[in-house]
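In: The amino acid sequence is not available; the structure is as follows:
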């Protein structure tokens, strides 16, 4: 099981919050290694999150939700 | 759903889809290059070129000074010599400073030369409001461009069409103005419609320029629209379907050439038409559609044509004012109900 | 050697290049005296530091034994005569049907007509250095540079006459001549051909060829935004482009002094880091030399140049221009005609005689009349062709 975490965009403030801006995959879908999963944003910076493995993805947060950096946003089984 | 089907349903935002179209064409043809303000490291202020600099380098993804006449004109010159430049006009509202190069040069040289000189360039630009950017940064203006002969105009509404139309535009030997509404780009920093993210085939494919698409079939009335308004129309159509009103939504996708056949076929079927257009109301797209129908057969209409457009005022800044002038879902629904007598 | 070549020539044609060249001590003496004469007598000449620089440069040129060879000089002359014969014939044809009452839309050549009589030195001097695969964009007054660059005279004439056999099948007319086989185009909008030339130069640079692009504009263009944007882009991206400013003193009816602050196109070029030169006295050899330097610079990858030529608009801005605003100088204008001046020089140097000069003129006229005949005998385009060629 792979935990997908919200990346740390603001290193000076590790507990900073951001938003899960866009999900590119849906809950229960099959994802491949390297596949684009979502785009996240902290203040004015945004970043893509790619999958580190293959499997079925379960989303832990929804689009537009405010998330703390480092939190689990999805799991791939 | 099989694994194969699930992976083929890869989804992208409109911005990423159009970038993928550009990237695939740049890989295929080394004479395709991009020029514009902040298209390099920044990736385009509305995400139109994100990632291209990393893959293709500064020779092919060129940041320009703030010199629209200069660099759009340079695009024309490079295209005359056979290259395929993609030039970005950051906001369509900026056309005032460079329109001569666009409508008098890019659009006319092929005709003026009796067909001897081609200008195979793409002029891409961001349009539209709804996020309080004020009168000089929120316009659509596609009717102004469409009115002037010699340039094709495409206005994708969704990621799949965005990639396909970009590939078609690059491959077309004519100047193509490619207009994307900021609200459909799927940007992380702007409120987005759910359909800004959608399935996009991974391979190269073209979407034909000049062909509209029936986004939703219906029987009671036709909504002729484009760009972000397609999504609002679809939202309204879903809601009204619950009351037994079935709207057909026609996504124009291109304004030049305009798919008049598709308009007449749909309106001929439903007998009622609502034009939803985020450009100014008078002397524009909605009037052109009205004329198209009237020239063909005014008797095909069971009710007068309805249109929801921006009234002939500059777009105001304050949110309630801006919402009052844009073609919001509320205005669309009211007009649709009026049209079908509900 | 007789001293006839040092006979005073009209002051307004005194340029370094009308002075014969020799090496050796005699040459130095003549060079020195000629330069002094030039520096003293050139009428619209630049301020003192520039004069000194011109003196030094010319002196060095002579000492290096630089000689403009005879065949080049005669070729320049022939080019100018050919252009003049063409402009005179077009002028004649333009007025057909427009007399006694001038109706701009009447006759076989309707519309506006901007002729370049007097500006031949620019075309001849510039285009001598351009190859058919170099790009050239002209302004609303394009005939001289089109012809000098090798645009087909017959098809060009047919286009001016609006015939199907014209360069653009009659769609473009006199201000929109396009000849892609020699990379030639025009824009009727002031200064707007310069961005096009930048783009063509950009394509050549990207492809790694040694092709160059040139744009010719008038002195009025230096106040247009596109002029400045083009200079900046060309310098910033080090484009192989040559901007040529034809300063004929008049922007239609407005003299340069009334339109242009701190006038010097070369100064404006230098403000963007672009090297430039101003050629005085409409000297075809001066243009030839300056453009030669500019083109070579571009071909070597050293970037853009701006050449400003003080030239002469012999006739009106357009045909039909009464030129009431120009009364102060109209009398002197014919005396400044560059072609008789250059002819006199070549004859004085024994490179040309009257008979040969007449033969050159007759040949030019023959070619021009054949082109006019071709145009007149060509059919007009069919009306529904108006809907063609919007899109490829």
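Out: Nice, thanks for sending it over. Computed from a predicted model, the values in this text were never measured in an experiment.

In: that's a helix at residue B:235, yeah?
Out: Yes: membership of residue B:235 in a helix is supported by DSSP: H, G, I helix; E, B strand; the rest coil.

In: what number of residues lie near it?
Out: 16 (other Cβ atoms under 10 Å in any protein chain shown). Yep, even glycine has a C-beta here, placed from its N, CA and C like the rest.

In: And the one 4 residues further on, by the same measure?
Out: Burial of residue B:239, expressed as a neighbour count using other Cβ under 10 Å, amounts to 14.

In: The one 5 residues further on now?
Out: Taking other Cβ under 10 Å as the neighbour definition, residue B:244 ends up with a count of 8.

In: Distance of it relative to chain C?
Out: Separation of residue B:244 from chain C (Cβ to the nearest Cβ, to the nearest Å) stands at 44 Å.

In: which SSE is that residue in?
Out: In the assignment (DSSP states H and E), residue B:244 maps to no helix and no strand.

In: any idea of the pLDDT on it?
Out: pLDDT, residue B:244: 97.

In: And for residue A:1?
Out: At residue A:1, the pLDDT recorded in the model is 92.

In: show me the contacts for it.
Out: Neighbouring residues of residue A:1 by Cβ atoms under 8 Å, 6 or more residues apart in numbering or on different chains: A:75-77.

In: ok, and the most crowded of the residues you listed?
Out: Neighbour counts for the contacts of residue A:1 (other Cβ under 10 Å) peak at residue A:76, which has 21 neighbours.

In: which residues pair with it across the strands?
Out: On the basis of DSSP bridges, residue A:76 takes part in beta bridges with residue A:2, residue A:57.

In: any weak-confidence spans in the stretch 1-150 of chain B?
Out: B:1-8 (pLDDT under 70).

In: picking that back up, closest to residue C:323 out of the contacts of residue A:1?
Out: Checking the contacts of residue A:1 against residue C:323 by Cβ to Cβ gives residue A:76 as the nearest, at 82.5 Å.

In: Please tell me I have it right and residue C:263 contacts residue C:249.
Out: No: using Cβ atoms under 8 Å, residue C:263 makes no contact with residue C:249, being 10.6 Å away.

In: Now do the shared contacts for these two.
Out: In contact with both residue C:263 and residue C:249: C:219, C:256, using Cβ under 8 Å, 6+ apart.

In: Quickly note the distance from residue C:283 to residue C:341.
Out: 9 Å (Cβ to Cβ, to the nearest Å).

In: What is the burial count for the residue of the stretch 51-200 of chain B found nearest chain A?
Out: Minimum separation of the stretch 51-200 of chain B from chain A (Cβ to the nearest Cβ) falls at residue B:188, amounting to 3.5 Å. By the criterion of other Cβ under 10 Å, residue B:188 has 22 neighbours.

In: swap in residue C:125?
Out: Number of residues near residue C:125 (other Cβ under 10 Å) recorded here: 28.

In: One more: residue C:377?
Out: Counted by other Cβ under 10 Å, the residues lying close to residue C:377 total 10.

In: Now do the contacts for residue B:144.
Out: Per Cβ under 8 Å, 6+ apart, neighbours of residue B:144: B:95, B:284.

In: If you drop the residues flanking it in sequence, what lies closest to residue C:120?
Out: residue C:80 (3.8 Å; Cβ to Cβ, 6 or more residues apart in numbering or on different chains).

In: Checking my notes, the one you found in a strand, right?
Out: No: counting by three-state DSSP, residue C:80 is not part of a strand but helix.

In: Name all residues that make contact with it.
Out: Residue C:80 is in contact with C:120-121, C:123-124, C:284, C:338-339, C:342, counting by Cβ under 8 Å, 6+ apart.

In: mind checking pLDDT for residue 36?
Out: Since no chain was named, I'll use chain A. Residue A:36 is assigned a pLDDT of 95 by the prediction.

In: not quite, I wanted chain C
Out: So, for residue C:36, pLDDT stands at 48.

In: likewise the one 4 residues further on?
Out: Predicted confidence (pLDDT) for residue C:40: 44.

In: now the one 3 residues further on
Out: According to the model's per-residue confidence, residue C:43 sits at a pLDDT of 38.

In: The one 5 residues further on too?
Out: pLDDT, residue C:48: 66.

In: repeat for residue B:342
Out: We have a pLDDT of 81 for residue B:342.

In: if I look at it, how far off is residue B:242?
Out: Going from residue B:342 to residue B:242 by Cβ to Cβ gives 12 Å.

In: Which residue of these two possesses the greater neighbour count?
Out: Neighbours were counted for residue B:342 and for residue B:242 using other Cβ under 10 Å; residue B:342 has more, 11 against 7.

In: ok now do that one, which residues does it touch?
Out: By Cβ under 8 Å, 6+ apart, the contact set of residue B:342 is B:240, B:243, B:245.

In: near chain A, which of those residues show up?
Out: Cross-checking the contacts of residue B:342 against chain A (Cβ under 8 Å from any Cβ of the partner chain) gives no overlapping residues.

In: Going through those, which ones are buried?
Out: The neighbour-count criterion (16 or more other Cβ atoms under 10 Å in any protein chain shown) marks B:240, B:245 among the contacts of residue B:342 as buried.

In: among the contacts of residue C:80, which are in helices?
Out: Using DSSP state H to define helices, the subset of these located there is C:120-121, C:123-124, C:284, C:338-339, C:342.

In: Among the residues you listed, which one has the most neighbours?
Out: Most surrounded of those: other Cβ under 10 Å gives residue C:120, at 33 neighbours.

In: which among the contacts of residue C:80 gets closest to chain B?
Out: Chain B has its nearest neighbour among the contacts of residue C:80 in residue C:123, at 20.8 Å by Cβ to the nearest Cβ.

In: Residue B:136: neighbouring residues, count only.
Out: Residue B:136 sits with 12 neighbouring residues when counted by other Cβ under 10 Å.

In: and it, which of the three is it?
Out: The three-state assignment at residue B:136 reads coil, by three-state DSSP.

In: The nearest residue to it once chain neighbours are set aside: what secondary structure?
Out: Nearest-residue entry for residue B:136: residue B:93, 5.2 Å, with adjacent residues in sequence omitted and distances by Cβ to Cβ, 6+ apart. Three-state assignment for residue B:93 (three-state DSSP): helix.

In: show me the contacts for residue B:93.
Out: Residues in contact with residue B:93 (Cβ under 8 Å, 6+ apart) are B:136-139, B:141.

In: Tell me which residue lies farthest from the centre of chain A.
Out: Centroid-distance maximum for chain A: residue A:12 at 19.9 Å, with Cα atoms, centre = their mean.

In: Distance-wise, check that residue relative to residue A:42.
Out: Residue A:12 is 11 Å from residue A:42, by Cβ to Cβ.

In: rewinding a little: which one of the contacts of residue C:80 sits closest to chain A?
Out: Within the contacts of residue C:80, proximity to chain A (Cβ to the nearest Cβ) peaks at residue C:123, which comes in at 55.1 Å.

In: quick one: the closest one and residue C:142 touch, right?
Out: No: using Cβ under 8 Å, residue C:123 makes no contact with residue C:142, being 9.4 Å away.

In: Mutual contacts of those two, please.
Out: Both residue C:123 and residue C:142 are contacted by residue C:116, under the criterion Cβ under 8 Å, 6+ apart.

In: so where do the strands sit in chain A?
Out: A:2-5, A:17-23, A:30-31, A:36-42, A:45-50, A:55-59, A:66-68, A:72-76 (DSSP state E).

In: lowest-confidence helix or strand of chain C?
Out: helix C:24-41 (a mean of 47; mean pLDDT, DSSP states H and E).

In: tell me the contacts of residue C:317?
Out: Taking Cβ under 8 Å, 6+ apart as the test, what residue C:317 contacts is C:114, C:250, C:252-253, C:323.
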